[in-house]
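Asker: What would the 3D arrangement of this be:
(chains A and B)
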2 protein chains.
Amino acid sequence: MVGKRSSRDIRSESRLDVLHGLLSAGTSTRNELAQTTGLSVATVATIVQELRGEGLVVDAGSSALGAGRPTTMLRVNGERGRILGIDVAETYVRAIVFDASLEEVGSVEVPMDESLPSASSVTESIVRAVDTALRETAIDRERVLGAGIALPGLVSAEESADAVAPRWAARNVEVLRQLRQRIGLPLVVENPLKAIATAELWFGRGRTASSMVIANLGTGVGAGIVLEGKILRGATHSAGEWGHAVLVLDGRACRCGRRGCVEAYVGAPGIQLTLREIAPEHELADAAQRDFIEGLASAHRKSGGDPVIEEVLSRTAHYLGVALGDLAAIIDPEVLMLTGWTAWALGDDLVEPTKQELQRRAPVGATTPIDLGVSTVRGSSVAIGMATLAFERFLGDVGLSTTRLPLAL
Amino acid sequence: MVGKRSSRDIRSESRLDVLHGLLSAGTSTRNELAQTTGLSVATVATIVQELRGEGLVVDAGSSALGAGRPTTMLRVNGERGRILGIDVAETYVRAIVFDASLEEVGSVEVPMDESLPSASSVTESIVRAVDTALRETAIDRERVLGAGIALPGLVSAEESADAVAPRWAARNVEVLRQLRQRIGLPLVVENPLKAIATAELWFGRGRTASSMVIANLGTGVGAGIVLEGKILRGATHSAGEWGHAVLVLDGRACRCGRRGCVEAYVGAPGIQLTLREIAPEHELADAAQRDFIEGLASAHRKSGGDPVIEEVLSRTAHYLGVALGDLAAIIDPEVLMLTGWTAWALGDDLVEPTKQELQRRAPVGATTPIDLGVSTVRGSSVAIGMATLAFERFLGDVGLSTTRLPLAL
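Answerer: Below is the predicted model:
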């Protein structure tokens, strides 16, 4: 049977809730944690004792506020060890070192050859990023509790190719095999969309929303889906491939080989194509992707306003509003979030008109306003999410969690 | 906190699993039920005792097969009472009477004025359908364990209008208020998509699939989504409104007031519009909806073959394949099912080309074949699903389940 949970699972979820509450608050008392988590004070006390036993939670002084006797403040013990979050993108590998309270300690970025790197060169880049990161932050490998690696196209790890990162998937099996031999750390591997959703779940709006869709806007486009506090993984580990849903039947060619995909309109290259359709000679028409998006944002914020820029933003908001509306109609989440460098750069310049488009498309007379915003988890939400997943695996390894993990190597 | 389950919930799910196993098998021994449900024989025995205590399960003779002593066969006691499943459609109200083993005992259909019936006339039709059904099957109201009513546009029960059944929603609040006063039975109200998913979960592919999307094709179009054996309801109770996702940006006008919706292409009127676009003078161009779909199916099956009909089916499979592909990309379900009178009438004539379209759109090199089929739950899956939900509510009322119910009145 499927979807059963034993009381053991519930217990380990309570442990995650307590840690989660403590990470969010920074420091907290047992009573406060009981309030945040909805657990009894007695349960919180038991769990805190277990976490202290593993050195994960330590005292952080005492609070003398209020009339009663001072109560002990607690915090997560960052010095318990280090965790690596690794974002393997199409053109770079970024490795971020976190302490055990998931604060960033340092990071390195290793470029990767964009033109079809082999499995070995991908592994090599990852290994180099890990080694460099550990060396630069002066961390012994023994102090690393685990590493989480986000690999695009993981879905097709067992297949010969992949629609989303077509140049990627065939190699993933081989990359995984090589990593297992070379990294020498407890590993967790996940797809970047799930990493982003995890980051949002632990550190963003996901902390308070019961369900959430988080759309990632960058070169590629995809969505992380969180339902009842859990990430939707899907039967073949590929849920959330919204970027290749059809927006325009038989429309623009998409790099996945099909036509009319959402990504072909709201991915950064898609937005640039919209500009080229309107004004092929525009000065931003041939800019590099990130320069183009930054240029779009700064041009929009200048007074006067370039009508071409306004038209690009307006069409993009139309495309994005329709595509997000479809996602919202199917999932019906409490909260819709945008993330990724395109979303961060454009911010409200994109969110506000998109919200209006969503509102126009909402059921006639619906009074619940669309809850759309830009994620507050910045930097590398992929790496943050992967470090969190590696941390969850560590908790499992020391017997503090039985949460089912993504591909643990 | 959200998404918590106590051991009490797990216990009541085990009870549902045992009932579920018994309903599927017809008759079964405790050992067989332990195998089907994955529960221990001891747990099954305890649950069977509780269910027998409520008169829901009775002996069905003994099995002398095998070497050991004969073991008692069990079955659900249909005579424990009656359950009503009520499908409130746009043009009729159908009330089906089931026994407690969810076998159909009788049914009535009451027509409804298609032109904007008032809340009172909707209530009136429902009350009349219930009264007639009980009278015709000679059932005392006291023997009815509960009634489940599927109301379209339930999502906007608190709103002034609704995109999916625009002529409907404003009245639902009032209909609910009046029903509460007039029906005099334990009531459960749900939206038809969730009713269909429930029927598939108890009696169709949902019994064995861990996740499933079931698309309903009729006048309207929508999807029921089942994840980890549970129906996805959504934050505002409107998940699965796939019929109003965009298939063609700024495309055909949809009756919801927007453009390019999936429903405008694969709802029965949409399919007929495709035919009119190809051959406005065709003999099926102005047929009534159901006659049109039946005509399409029988014309296709005739030898020789009308090229117009073939083109209609081919375009419809293209539209449907793309739209289902998007749903599958977002949810990544184990199984995709089609249901509703259009799906039943066209069957493989539609499923096979749609499957090919889905396969064409699948990630390059993906080797997992698309599991697409037509539901084996026929007749009125909406009414069957609603009766099942009413049965679940009854189990809750007698303390055998704590499953969270949809709007229980």
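Asker: ok, A:T91 touching A:V110?
Answerer: No - using Cβ atoms under 8 Å, A:T91 is not in contact with A:V110, being 10.5 Å away. Quick note: C-beta positions are derived from backbone N, CA and C, even for glycine.
Asker: of the two, who's got more company?
Answerer: More crowded of A:T91 and A:V110, by other Cβ atoms under 10 Å in any protein chain shown: A:V110, with 19 against 11.
Asker: The more buried one: what's it in contact with?
Answerer: Contact partners of A:V110, counting by Cβ atoms under 8 Å, 6 or more residues apart in numbering or on different chains, are A:92-95, A:125, A:128-129, A:132.
Asker: Over to A:A323?
Answerer: By Cβ under 8 Å, 6+ apart, the contact set of A:A323 is A:242, A:245, A:247, A:262, A:265-266, B:246.
Asker: Return the member of these nearest to A:I183.
Answerer: Of all the contacts of A:A323, the one with the least separation from A:I183 (Cβ to Cβ) is A:W242, at 31.2 Å.
Asker: Ignoring the adjacent residues along the chain, who's closest to the closest one?
Answerer: Spatial nearest neighbour of A:W242, excluding adjacent residues (Cβ to Cβ, 6 or more residues apart in numbering or on different chains): A:A223 at 4.1 Å.
Asker: go on, A:L350?
Answerer: A:A317 (6.2 Å).
Asker: still on that earlier bit, most neighbours, which of the contacts of A:V110?
Answerer: Neighbour max across the contacts of A:V110 (other Cβ under 10 Å) = A:A95, 31 neighbours.
Asker: That one reaches A:M386, doesn't it?
Answerer: No - the criterion here is Cβ under 8 Å, and A:A95 misses it with A:M386 at 9.8 Å.
Asker: Give me the common contacts of those two.
Answerer: Contacts common to A:A95 and A:M386, judged by Cβ under 8 Å, 6+ apart, are A:85-86.
Asker: count of residues packed around the residue nearest to A:W242?
Answerer: 30.
Asker: Show the contacting residues for the residue of the stretch 301-409 of chain A found nearest chain B.
Answerer: Of all residues in the stretch 301-409 of chain A, A:D332 sits closest to chain B, at 2.6 Å by Cβ to the nearest Cβ. Residues counted as contacts of A:D332 (Cβ under 8 Å, 6+ apart) are A:211, B:232-241.
Asker: Could you do A:A279 as well?
Answerer: A:A279 neighbours (Cβ under 8 Å, 6+ apart): A:285, A:308.
Asker: can I assume A:L201 is in contact with A:I231?
Answerer: Yes - here A:L201 reaches A:I231: they are 7.0 Å apart, a contact under Cβ under 8 Å.
Asker: OK, contacts around A:H300?
Answerer: Neighbour list for A:H300: A:306, A:309-310, A:313, A:346, A:349 [criterion: Cβ under 8 Å, 6+ apart].
Asker: rerun that using 6 Å as the cut-off
Answerer: For A:H300, the contacting residues are A:309, A:349, by Cβ atoms under 6 Å, 6 or more residues apart in numbering or on different chains.
Asker: how far away is it from A:G347?
Answerer: Counting by Cβ to Cβ, to the nearest Å, the gap from A:H300 to A:G347 is 10 Å.
Asker: Please enumerate the shared neighbours of the two.
Answerer: Taking Cβ under 6 Å, 6+ apart as the contact criterion, no residue touches both A:H300 and A:G347.
Asker: quick one: secondary structure of A:A285?
Answerer: Secondary structure, DSSP: H, G, I helix; E, B strand; the rest coil: A:A285 is coil.
Asker: where along the stretch 51-200 of chain A do the strands fall?
Answerer: Ranges of strands in the stretch 51-200 of chain A, per DSSP state E, counting those that start in this stretch, are A:57-63, A:71-76, A:82-88, A:92-99, A:104-111, A:144-150, A:187-190.
Asker: what angle separates the second one from strand A:92-99?
Answerer: Meaning strand A:71-76. Orientation of strand A:71-76 against strand A:92-99 (axes from the mean of the first three to the mean of the last three Cα atoms, to 10 degrees) gives an angle of 150 degrees.
Asker: which other helices and strands contact strand A:71-76?
Answerer: strand A:27-28, strand A:57-63 (3 or more Cβ pairs under 6 Å, 6 or more residues apart in numbering or on different chains; DSSP states H and E).
Asker: Need the CA coordinates for it. CSV is fine.
Answerer: This file holds the C-alpha atoms of strand A:71-76, laid out as CSV (Å, rounded to 0.1, in the frame of the first residue of the first chain):
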residue,chain,number,x,y,z
THR,A,71,14.2,29.9,30.8
THR,A,72,17.0,28.5,28.7
MET,A,73,17.3,29.8,25.1
LEU,A,74,18.3,27.3,22.5
ARG,A,75,19.9,27.5,19.1
VAL,A,76,21.1,25.1,16.4
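Asker: Name the surrounding residues that touch that strand.
Answerer: Residues from elsewhere that reach strand A:71-76 (Cβ under 6 Å, 6+ apart): A:22-23, A:27-29, A:57, A:59-63, A:101.
Asker: One more: the fourth one?
Answerer: Residues external to strand A:92-99 that are found in contact with it (Cβ under 6 Å, 6+ apart): A:78, A:82-87, A:104-112, A:125-126, A:129-130, A:133, A:137, A:380, A:383, A:387.
Asker: Selection in PyMOL covering whichever of those are buried, please.
Answerer: Buried residues within those, by 16 or more other Cβ atoms under 10 Å in any protein chain shown, are selected in PyMOL with:
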select buried, chain A and resi 78+82+83+84+85+86+87+104+105+106+107+108+109+110+112+125+126+129+130+133+137+380+383+387
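Asker: the longest helix in chain A is where?
Answerer: In chain A, assigned by DSSP state H, the helix with the most residues is helix A:307-331.
Asker: circling back: check contacts around the residue nearest to A:L350.
Answerer: By Cβ under 6 Å, 6+ apart, the neighbours of A:A317 are A:353-354, A:357.
Asker: now A:V93, which residues is it bridged with?
Answerer: Under the criterion DSSP bridges, A:V93 forms beta bridges with A:V88, A:V110.
Asker: hang on, isn't A:P70 packed against A:S62?
Answerer: Yes - the criterion here is Cβ atoms under 6 Å, and A:P70 meets it with A:S62 at 4.2 Å.
Asker: joint contacts of these two?
Answerer: Residues touching both A:P70 and A:S62 (Cβ under 6 Å, 6+ apart): there are none.
Asker: picking up where we left off before, and the closest residue in space to the residue of the stretch 301-409 of chain A closest to chain B that isn't next to it in sequence, what's its pLDDT?
Answerer: Once flanking residues are discounted, A:D332 sits nearest to B:G234: 2.6 Å by Cβ to Cβ, 6+ apart. B:G234 is assigned 84 on the pLDDT scale.
Asker: Quick check: B:G234 is in a strand.
Answerer: No - per three-state DSSP, B:G234 lies outside any strand segment and is coil.
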